[in-house]
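J.: got a predicted structure here, sequence first:
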Amino acid sequence: MLNKNVFRTLKKQYIPLLLLGIMISLSSFVYTVMDYGVSGIYEPTEAYFKESNQEDFAISMVDLLLEDEIIYLQSNYVITEPIFTLSGLEKINRTAFEDIIDIRKNAILDLYPELTIELREYKDIFYSHQNNSHRMRVLKNSSVINLAYFVDGHHPENANEIALTEAYANQNHLSLGDIIQINQDTYEIVGFVLFPDYSLAMFSNDLIFDNKSQTIAMLSDEKLQLLDESIGFDWMGDTNDFYSEETFKDEVIQTIHNHESLNFVTQVILTKNNMRSGAIYGEIEGGEAIGLLLSLLIASIAILIVGIMISKILQSQRGSIGILKSMGYSNFQISFPYIFYLSVLSLPAILIGYFLGFLAAEPMKNLYLLFYLLPSQPIEQHLITFLIAVGVPFIFILSVGYAVVHHILRKKPTTLLNPEVSKSASFITKSISPLFKKFSIQSKLKHLLLYRSFVKFIIFIIGMFYAAFLIYLSLSMIGIFDRSIQLYYEHTEHDYVGYIDPSNPYQPQLVGDERAIELPSVLMNLEDVYLVGIDSQSTLHPLINRKDKNITGDLSEGIIISESLRLLNGYEVGEEITIDLAGLTYQSTIVGVSYEYSGKAYMDIETLSLFMTSSQSSDYYNVIYSKNTLDKNDFLMVINNQNIINQTEDMANMMNAMTFILTGVSISMGAIIIYILTVMTIEDNFYNISLFKVIGYNQKEINKMILGGYFIYGLIIFIITIPISYLAFILMTRLLANQYDLIMPFELKIWHMLLTIFMFVVIFQGGAFVAKRKLRDISLQEAMKMYQV
Amino acid sequence: MIKLEKVTKIYQSGEVQTVALKEVDLEFKEGELIVLLGPSGSGKSTLLNVCSGLDLPTSGNITIEGDIISQMDHKELTRFRRNHLGFIFQQYNLLQTLSVRENVEVGHDISNDPFDVEEMIEQVGLTPNINKYPYQLSGGEQQRVSIARAIVKKPKILFCDEPTGALDEENAKEILGIIQKLNEQYKTTVVLITHNPSIGIIADRIVKINSGEVVEIITNKTKAKAKDIAWG
């Protein structure tokens, strides 16, 4: 009988209960999917990194030849062409190149003999596959560090064999034994390979790491040597356990720029801070932490709402409970149906969340593997995960439920049989009341009714803040990948970039071509940057600031940095900076910020030429920007900007789709919270609403008093959350920047704010409308006879 | 002042119909103090509800000063209650977050021509407690606050639903005395519901109700004072 009574009472609350069920399921789902999704990768990855001896750190160095290196070359080799770069030297004389590399290696090991370092060489190939532009980074096999790991197949042994990533093969419907055409060459795919220094196919500072149009690959050493493309390189390093992470930072990273003999070094980066190799560590730790945090946040809000709902239901049943107690029912007999139905309602919701999470873990893992180049294993259930995802929220919900039931049941039957009248005004109400002394009674009530139940008010505030933050976060992420990748290309006016072959320098055309210098690894205030020299009158590579103003002409006054550099290093316009390039030093001032997230810094080409050639040449260039099609035979490499844009579009579309899903989920979550809290607020105040109606207050005045306070405070929370979210985004941006030198350009625009506030108003008023409709059915006279709260 | 013509109220609960009022014809005159007397379930509360516009009759007409309130919509009824009616219930229905003065201001602020708040508080004998909160007052004192709140907006009619139901004899007599005084002083029509027959001696007329019908109307030729009620 008691069960029936509780069941019928709960049945009347089916909409809030359903929404609560969704929240509880979501809490369990988020934790389960993140935990299982990550664990399916984590375990095999750990073994793979160990087996392949993943690098502990990487060292970047300048491509530019140092002055004493040029002298060394002149005295030991016969080189007729003017050579300024190592990659240029490698094209002309491989032995001389290896000689210089050995000199640099010894310079490092002389100072840090405990380290082991090995050169990682690679060549980037741009090619067309199935009418789409693709990019391949062919890595040279290593012998000690970052060994190739074959998921399937074997090393390429002859010139027409290739190994590439399984992720690329899958996304392009390629299998072992298939033939792939790379420009003029055809290769048979003989292996699926992974390299531990590329857990993401990330070949630059851009946020491009899709595996459909990019792959790491391996050719035979001989074939790699024969490719026309320019060589790229950095050092792979092993600390041999001599240094801990902290001591390495203190004794190597912090000191390396103090040594003049190492002035070719631009950056030393620990694997954990290296996006291409170490992001997976952050992903695993961060993914689990975010999963747990999100889950806890959702669960805590849900549990608090459960507590309030049970409290409200029990308050409405206090008379019946009083009668049952007076009849001799024990507390256990009375409380059992409530706890039973709470279990019956919450356990399936939690279990549904868990099993959906388990089912979604495999797609989640595959989603990771769309980007991450890692081995995986089938997902299996773990007892610990089950206990955390199911047991913990279930026990919490039951505990809260029991605490609320116990709170009511410990009262005497006579107390329960009488309508509840508050015994006192709350401390907050009394304290705050004098502040509203001069307010009209309606305005006073608008505030005081809120503080009457401070705990509920705080839950309202927290819930609204949470909803607002979720919505702002989602909206600010819309287009994040478009901004980070494509903004640069939107501003540039050239269609092709040709990299000069020093053995056959291309002479630019009078119309449609511009000379430029690109130096991928230069020190600016001891931070590694990509330095570009362009003409201050450049029309093919204009620099546009955030206000859409062309600032290219300012290059004649100093240096222009990209927005991402400003955010990464905190540079400001007017700041003095020092550029170190292979022992040469140049001081200048930042004169502008170009609105792009390329990580580049710009100098006037003539100034840069004089600086890098020690005033020997004012017209050095290694790159041509062109509106005309460039012949690949005239250059080491030709890049078609449109191809890059196309290449990034797939990834940007996918990322945008994911962002939209996140936005949708966040907005739904926010809407559920706002709706439940609004409905509960109205129902909570039905006595006051009825009283005011009886006295003769009209709907508008009642709304002002009852909802007005919540509405205003809700609105204030949504407005206050704007700067808080803004600061949080800056903090998140800084954290990512510090951790990975990566910029995530969150943007909170005016329309985001207006839309969010509009959504709040609509959902709040919608919830209020539904709740008020329910209240209309209650007889005013009856309401007056009911308890006061 | 208030005229009921063939007023019927039927409550429908599932397939069960309950006739709460059966074709009631009744008239209350201006300045009268009427006591509606009847046992529990007799229909007296329903009668008060429909008279005051808190509920609508199933059939029949209710006219107050020429306005047919039984045909008014919710908005019009609210406006009518605001301008003409005051209510006192068995539960005091005070806002716990407001002081005595502020609770009375709740009634004061919506009236076009209200009494002075402090004067009303003085009338109910609560001046020393003007800044206290409801929880600091006794039951009788709280009911006095609700009387002040009802009267301060200068209503033409005051509906009192078992106003002494939760009080002891001494406090009950005091409350009835205040209601009687306000009725005489301000000529406010008072409709008072009770199941206690002894209270009838303070009324101009006693309307006895049973099973939804008016069974007897007694006119008191001489009204007694509330303090003289022989509490039964």
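T.: All right, it came through fine. Numbering: from 1, shown residues only, chains lettered A, B, ... in the order given.
J.: looking at this, residue B:114 is in a helix?
T.: No - Residue B:114 is assigned coil when assessed by DSSP: H, G, I helix; E, B strand; the rest coil, not a helix.
J.: neighbours of it, how many?
T.: By the measure other Cβ atoms under 10 Å in any protein chain shown, the count of residues near residue B:114 is 17. C-beta: built from backbone N, CA, C; applies to glycine.
J.: hmm, it is touching residue B:154, no?
T.: Yes - using Cβ atoms under 8 Å, residue B:114 makes contact with residue B:154 at a distance of 5.8 Å.
J.: what helix or strand does residue A:561 sit in?
T.: If you go by DSSP states H and E, residue A:561 is part of strand A:559-562.
J.: could you point out which element follows the strand or helix carrying residue A:138?
T.: In this structure, residue A:138 is located in strand A:132-139 according to DSSP H and E. Note on strand A:132-139: by DSSP H and E, the next helix or strand toward the C-terminus is strand A:149-153.
J.: quick check, the residue in chain B closest to chain A?
T.: Per Cβ to the nearest Cβ, residue B:82 is where chain B lies closest to chain A, at 2.8 Å.
J.: for stretch A:752-770, buried residues please.
T.: A:752, A:753, A:756, A:757, A:759, A:760, A:763, A:764, A:767, A:768 (16 or more other Cβ atoms under 10 Å in any protein chain shown).
J.: now the last one: how far from residue A:680?
T.: Distance check for residue A:768 against residue A:680: by Cβ to Cβ, to the nearest Å, it reads 11 Å.
J.: repeat for the fifth one
T.: For residue A:759, the distance to residue A:680 under the criterion Cβ to Cβ works out to 19 Å.
J.: got the CA positions of the top helix by length along chain B in CSV?
T.: Scanning chain B for the longest helix, with DSSP state H as the assignment, gives helix B:169-186. This file holds the C-alpha atoms of helix B:169-186, laid out as CSV (Å, rounded to 0.1, in the frame of the first residue of the first chain):
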residue,chain,number,x,y,z
GLU,B,169,-10.2,30.8,24.0
GLU,B,170,-8.6,33.9,25.3
ASN,B,171,-6.8,34.6,22.0
ALA,B,172,-9.8,33.6,20.0
LYS,B,173,-12.0,36.2,21.8
GLU,B,174,-9.4,38.9,21.3
ILE,B,175,-9.2,38.2,17.6
LEU,B,176,-13.0,38.2,17.3
GLY,B,177,-13.1,41.4,19.3
ILE,B,178,-10.7,43.0,16.8
ILE,B,179,-12.8,41.8,13.8
GLN,B,180,-15.9,43.1,15.5
LYS,B,181,-14.3,46.5,16.3
LEU,B,182,-13.1,46.9,12.7
ASN,B,183,-16.6,46.0,11.4
GLU,B,184,-18.1,48.6,13.5
GLN,B,185,-15.5,51.3,13.1
TYR,B,186,-14.9,51.0,9.3
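J.: just checking, what packs against that helix?
T.: Here helix B:169-186 touches strand B:33-37, helix B:117-123, helix B:139-151, strand B:157-161, strand B:189-194, going by 3 or more Cβ pairs under 8 Å, 6 or more residues apart in numbering or on different chains; DSSP states H and E.
J.: now for these, which one comes closest to residue A:41?
T.: helix B:139-151 (67.2 Å; Cβ to Cβ).
J.: and that closest one with helix B:169-186, angle?
T.: Calculated by axes from the mean of the first three to the mean of the last three Cα atoms, to 10 degrees, helix B:139-151 forms an angle of 20 degrees with helix B:169-186.
J.: report the angle between helix B:139-151 and strand B:157-161.
T.: Going by the same axes, to 10 degrees, helix B:139-151 makes 150 degrees with strand B:157-161.
J.: so what's the gap between helix B:139-151 and the chain middle?
T.: 12 Å (Cα atoms, centre = their mean, to the nearest Å).
J.: run through the neighbouring helices and strands of it.
T.: strand B:85-88, helix B:100-108, helix B:117-123, helix B:169-186.
J.: what is the burial count for residue 13?
T.: Since you didn't name a chain, this refers to chain A. Using other Cβ under 10 Å, residue A:13 is surrounded by 15 other residues.
J.: oops, I was thinking of chain B
T.: The burial count assigned to residue B:13 is 7, neighbours taken as other Cβ under 10 Å.
J.: likewise residue A:639?
T.: Using other Cβ under 10 Å, residue A:639 has 19 neighbouring residues.
J.: thinking again about what came up before, who touches the residue lying closest to the residue of chain B closest to chain A once chain neighbours are set aside in this structure?
T.: Closest residue to residue B:82 apart from its sequence neighbours, by Cβ to Cβ, 6 or more residues apart in numbering or on different chains: residue A:696 at 2.8 Å. Shown in contact with residue A:696 (Cβ atoms under 8 Å, 6 or more residues apart in numbering or on different chains): B:78, B:79, B:81, B:82, B:83, B:85, B:110, B:153.
J.: for those residues, which ChimeraX command selects only the ones that are buried?
T.: The ChimeraX command for the buried members of the contacts of residue A:696 (criterion: 16+ other Cβ under 10 Å) is given here:
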select /B:78,81,82,83,85,110,153
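J.: just checking, which of the contacts of residue A:696 belong to helices?
T.: Within the contacts of residue A:696, residues falling in helices by DSSP H are B:78, B:79, B:81, B:82, B:83.
J.: the fourth one against residue A:698, yeah?
T.: Yes - the criterion here is Cβ under 8 Å, and residue B:82 meets it with residue A:698 at 7.1 Å.
J.: give me the domain ranges for chain A.
T.: Following automatic domain parsing, one gets these domains for chain A: A:1-49+A:280-418, A:120-231, A:426-490+A:643-789, A:507-629.
J.: distance to residue A:56 added to those domains, as JSON lines?
T.: Compiled in JSON lines, these are given as follows (distance: least, Cβ to Cβ, whole Å):
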{"stretch": "domain A:1-49+A:280-418", "distance to residue A:56": "11"}
{"stretch": "domain A:120-231", "distance to residue A:56": "9"}
{"stretch": "domain A:426-490+A:643-789", "distance to residue A:56": "16"}
{"stretch": "domain A:507-629", "distance to residue A:56": "18"}
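J.: lowest-confidence stretch among those domains?
T.: Sorting the domains of chain A by mean pLDDT places domain A:426-490+A:643-789 lowest, at a mean of 77.
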